[in-house]
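[1] sequence and predicted structure, then a few things I'm wondering about:
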Amino acid sequence: MSTDLADLLGTQETAALEFKREATDRNAIRKAICALANDLAGQGGGDLLIGVDDRGRAVGGVDTSDAALLKITEYRDQGLILDRPSMVVTRGLYQGQQVIRVRVNASRTPPVRFENVVYVRPGPSTRRATRDDERVLSERRRSFELPFDVRPAPGSSLAELDLELFRTEYLRQAVAPSVLEENHRSIEQQLASLRLADLDGAPTVLGLLVVGVDPTNRIPGAYVQFVRYEGNDVGGSVLDEQEIRLNVINTAERLESLLKGHLRSRLVEVTGFREEARPNYPFEALRELVMNAMMHRNYESSNAPVRIAWFDDRIEVTNPGGPFGQVRADNFDRVNDYRNPSLAAAMKSLGYVNQFGRGIGRVRAALARNGNPEADFAVDDASWTVTVRSAS
């Protein structure tokens, strides 16, 4: 017989336990998940029970179907809570009534944000973090073994960041206007809060990648190599060749014009009396492939660039770095994990990726709508190559 959660967790809200009567207020649930992941009290995370009132009494009648559990689980992957929290959603018994239990593990990369706002639970209530709260969480993050993308770049200085780009583009797109209005921090504090620099003012790898003047000065492989060949193999004449040695924001802008410039349109019969022009490749699929290659590539131990090889009959996008974490060659289209979690969060905030774990599905759907063959994925220990073929 399973243990009643009231006996296991208690009947009073604490810094590690929150109650909700129902699951109708999605943002309240997201804030609670964010706060528990930040684990300000240092208890290893905490639990959210849905189906319990604020006095610790089971209300009964809560939907605990698989669909209801899946809906709560999806809050993790929608890109609104960053960095993505680790959590498990199950059903359980509380005072003999069915409830939903959301077990949230403490983040190893705090502060976690919901819609760019940090939430914490210093006691039995969830609230916005103070500056001191954020300082505690940032210092805790430094005590963990940091992912490569948030480590400071040795010997670098703020002069290597495009601070105007940071103010005019990154802050405007990645931070909510209400937060900016309240923000009276120095530029150094803003950069540290967003993990673009450490607390001592040294740019992180993330800062150099996202708003660096030239990221390749410190990260040699942080560029995109584009080659357009005549014909169907590398023996053909090179029609266009470019190395894009820019930060993520400027690279995205350059790639948009470059890729669109090489697309060609064809007429497709829609009905017997109407035709429409369609490109030989759907731009949204190319954008997804290139942005995901930049997001997932290995910046730490490879100096190879992201490569785009464009032939008459196909495009090959290759990025260094094989499967990471839980991802394997046989499950990459169902499982996702992140070598560069903070870069993934930044690119989501900037709008370059939409929802985590959906890239391959979006590519396949865009190709199918445009009449292209399915993409081919070649995955080994050292790299990924995706091949998309021209629509006939």
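    Right, received. Where do you want to start? Quick caveat: nothing in here was measured; it's all calculated off a predicted structure.
[2] going forward, measure contacts and count neighbours with C-alpha atoms only.
    Fine.
[3] residue 352: what's it in contact with?
    The neighbourhood of residue 352, defined by Cα atoms under 8 Å, 6 or more residues apart in numbering, consists of residue 291.
[4] surely it forms part of a strand?
    No - the assignment for residue 352 is coil, going by DSSP: H, G, I helix; E, B strand; the rest coil, so no strand is present there.
[5] so where's the stretch 251-392 of the chain uncertain?
    Filtered on pLDDT under 70, the stretch 251-392 of the chain yields the residue ranges 272, 354-357.
[6] could you pull out the strands for it?
    Counting by DSSP state E, counting those that start in this stretch, residue ranges of the strands within the stretch 251-392 of the chain are 265-271, 274-279, 306-310, 314-320, 376-379, 383-389.
[7] now mean neighbour count too, for those, in JSON lines please.
    Listed next are the strands of the stretch 251-392 of the chain as JSON lines, based on neighbours: other Cα atoms under 10 Å:
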{"stretch": "strand 265-271", "mean neighbour count": "11"}
{"stretch": "strand 274-279", "mean neighbour count": "13"}
{"stretch": "strand 306-310", "mean neighbour count": "23"}
{"stretch": "strand 314-320", "mean neighbour count": "22"}
{"stretch": "strand 376-379", "mean neighbour count": "15"}
{"stretch": "strand 383-389", "mean neighbour count": "20"}
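[8] how about these, which one is nearest residue 259?
    Shortest distance between residue 259 and the strands of the stretch 251-392 of the chain, using Cα to Cα, is found for strand 306-310: 9.7 Å.
[9] residues in contact with the closest residue to residue 229 other than its chain neighbours?
    Spatial nearest neighbour of residue 229, excluding adjacent residues (Cα to Cα, 6 or more residues apart in numbering): residue 238 at 4.6 Å. Taking Cα under 8 Å, 6+ apart, we find residue 238 in contact with 227, 228, 229, 230.
[10] need the strands of the stretch 251-392 of the chain in TSV (columns: distance to residue 42).
    Listed next are the strands of the stretch 251-392 of the chain as TSV, based on distance: least, Cα to Cα, whole Å:
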stretch	distance to residue 42
strand 265-271	57
strand 274-279	54
strand 306-310	40
strand 314-320	37
strand 376-379	39
strand 383-389	38
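[11] buried residues in stretch 113-123?
    By neighbour count on 16 or more other Cα atoms under 10 Å, the buried set for stretch 113-123 is 113, 114, 115, 116, 117, 118, 119, 120, 121, 122.
[12] what does the fourth one show for phi and psi?
    Here is the backbone geometry of residue 116 (degrees, to the nearest 10): phi 70, psi 20.
[13] measure the closest residue in space to it that isn't next to it in sequence to residue 113 for me?
    Of all residues not flanking residue 116 in the chain, residue 175 sits nearest, at 5.8 Å (Cα to Cα, 6+ apart). The spacing between residue 175 and residue 113, counted by Cα to Cα, to the nearest Å, is 11 Å.
[14] neighbours of residue 13, how many?
    19 (other Cα atoms under 10 Å).
[15] pLDDT below threshold where in the stretch 101-250 of the chain?
    For the stretch 101-250 of the chain, the stretches flagged by pLDDT under 70 are 143-144, 176-183.
[16] show me where it has its strands.
    Secondary structure of the stretch 101-250 of the chain (DSSP E, counting those that start in this stretch): strands located at 113-114, 117-120, 127-128, 224-229, 238-244.
[17] which of these sits closest to residue 390?
    strand 224-229 (14.1 Å).
[18] who does that closest one pair with, and is each partner parallel or antiparallel?
    Strand pairing for strand 224-229, determined by DSSP bridges: strand 238-244 (antiparallel), strand 306-310 (parallel).
[19] quick one: buried residues of stretch 139-159?
    Across stretch 139-159, burial judged by 16+ other Cα under 10 Å covers 140, 141, 142, 147, 148, 149, 150, 151, 152, 153, 156, 158.
[20] tell me which residues touch the last one, please.
    The contact partners of residue 158, by Cα under 8 Å, 6+ apart, come to 201, 202, 203.
[21] since we're on the first one, how many residues are nearby?
    The local packing count at residue 201 equals 17, with neighbours defined by other Cα under 10 Å.
[22] surely it touches residue 186?
    No - with contacts counted by Cα atoms under 8 Å, residue 201 stays clear of residue 186, the gap being 11.1 Å.
[23] rewinding a little: make TSV from the contacts of residue 238 and add distance to residue 59 and neighbour count to it.
    Below are these laid out as TSV (distance: Cα to Cα, whole Å; neighbours: other Cα atoms under 10 Å):
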residue	distance to residue 59	neighbour count
227	63	18
228	64	20
229	66	19
230	69	17
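[24] any idea which of these is closest to residue 382?
    Looking across those and measuring by Cα to Cα, the closest to residue 382 is residue 227, at 21.3 Å.
[25] what sits closest to the closest one if chain neighbours are left out?
    If the residues on either side of it in the chain are set aside, residue 227 comes closest to residue 241, at 4.4 Å by Cα to Cα, 6+ apart.
[26] what of residue 375?
    That would be residue 388: by Cα to Cα, 6+ apart, it lies 4.8 Å from residue 375.
[27] hey, what's that neighbour bridged with?
    residue 315.
[28] could you measure residue 191 against residue 158, distance?
    The spacing between residue 191 and residue 158, counted by Cα to Cα, is 10 Å.
[29] same deal with residue 368?
    Residue 368 sits 45 Å away from residue 158, going by Cα to Cα.
[30] ok, residue 315 next?
    38 Å.
[31] could you do residue 64 as well?
    Using Cα to Cα, we find residue 64 at a distance of 51 Å from residue 158.
[32] looking at the contacts of residue 158, which is nearest residue 258?
    Out of these, the member with the shortest distance to residue 258 (by Cα to Cα) is residue 203, at 29.3 Å.
[33] nearest residue to that closest one in space, ignoring adjacent ones along the chain?
    In space, residue 203 comes closest to residue 197 once its chain neighbours are excluded; the distance is 4.0 Å by Cα to Cα, 6+ apart.
[34] these two touch, right, residue 215 and residue 204?
    No - counting by Cα under 8 Å, residue 215 does not reach residue 204; the two are 10.8 Å apart.
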